[in-house]
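Enquirer: Provide a 3D model corresponding to the input given below.
(chains A and B)
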Amino acid sequence: MLRSSIFRSAPAALRRAVSLTAVASPKIAAARPLASRLAAPALPARFARFYSADAGLSRDEVQARILEVVKSFDKVTDPSKITSEASFAADLGLDSLDTVEVVMAIEEEFSIEIPDKEADEIKSVGQAIDYILAQSDGMFLFVL
Amino acid sequence: MVVARKGRLTGLQRDVLSLYRSCLRAIRKKPPDSRQNFLLFTREQFEQHRHILKSDFTTVEYLLRRGHNQLETYSNAGVRNIGV
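Expert: Residues are numbered from 1 along each chain as shown, chains lettered A, B, ... in the order given. Presented below is the predicted three-dimensional model:
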């Protein structure tokens, strides 16, 4: 808003300045037509915002964020076992309720809501990564 | 209540997990200071019945129904904290 009003008032201010100097010295009078020619055409105002391109999330980034979420979960018995292949139940010693909690924490991390049916299928870190990568709108949630 | 071992979950087990998920979602709407209490309470309610076999349909169904009622009660915005 402020920027656009500055742009709009710029040509007028320029013209005013030019006419003032023209009165003061006849030498600059010759420059006047040029200056008004320059000032006349409206500036091509482009105020569109360019958000970053939809490059999406790389697998590494998703993996790092999910591992971080799992690491911060206090019920994991052996943190050294947290890898991208770890199964929540077999490797990390989580029961089904803990798994629900982890999946919900991942939901929160990526600002999405995973429907029950799909959430029940996520039983390992790898499956969670695949699920997030498969969400096309997941990309946009992040970049904005 | 019913805690799955391996393999596929039965429909009833899925219902239990779904109830647990609804509870967690409801907890997110509570004031941040009391969320931990709600979480502990919820967890305790489920743990209490962990020993019940998944084949004991009537009991599990009864507890599910009770759980849904409790969830409805505690979801009320007037409930701001809970003793554990």
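Enquirer: Just the pLDDT at the closest residue to B:Gly83 other than its chain neighbours, thanks.
Expert: In space, and not counting its chain neighbours, B:Gly83 is closest to B:Asn37: 7.3 Å by Cβ to Cβ, 6 or more residues apart in numbering or on different chains. (C-beta placed from N, C-alpha, C; glycine too.) Per-residue confidence (pLDDT) for B:Asn37: 94.
Enquirer: Could you list which residues are in contact with B:Asn37?
Expert: Counting by Cβ atoms under 8 Å, 6 or more residues apart in numbering or on different chains, B:Asn37 touches B:81-84.
Enquirer: What about A:Leu94, how many residues nearby?
Expert: 22 (other Cβ atoms under 10 Å in any protein chain shown).
Enquirer: Any idea how many residues pack against residue 81?
Expert: All of this refers to chain A. Quick note: A:Lys81 (other Cβ under 10 Å) scores 14 neighbours.
Enquirer: my bad, chain B
Expert: When counting by other Cβ under 10 Å, one arrives at 12 neighbours for B:Asn81.
Enquirer: Need the contact partners of the biggest helix by length in chain B.
Expert: If you go by DSSP state H, chain B has its longest helix at helix B:57-75. Here helix B:57-75 makes contact (Cβ under 8 Å, 6+ apart) with B:1-2, B:12, B:15-16, B:19, B:22-23, B:26, B:29, B:38, B:45, B:49, B:52, B:54, B:79, B:82.
Enquirer: re the thing from before, mind putting the contacts of B:Asn37 into TSV with distance to A:Lys71, secondary structure and pLDDT?
Expert: Listed next are these as TSV, based on distance: Cβ to Cβ, whole Å; DSSP: H, G, I helix; E, B strand; the rest coil; pLDDT from 0 to 100:
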residue	distance to A:Lys71	secondary structure	pLDDT
B:Asn81	29	coil	87
B:Ile82	28	coil	87
B:Gly83	31	coil	84
B:Val84	26	coil	76
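Enquirer: Next up, identify which helix or strand the residue most central in space within chain B is on.
Expert: Central residue of chain B (Cα atoms, centre = their mean): B:Tyr20, 4.1 Å from the mean position. Following DSSP states H and E, one finds B:Tyr20 within helix B:11-27.
Enquirer: Quick check: buried residues in that helix?
Expert: Neighbour-count burial for helix B:11-27, counted by 16 or more other Cβ atoms under 10 Å in any protein chain shown, picks out B:12-24, B:26-27.
Enquirer: Just want the angle from it to helix B:57-75.
Expert: 10 degrees (axes from the mean of the first three to the mean of the last three Cα atoms, to 10 degrees).
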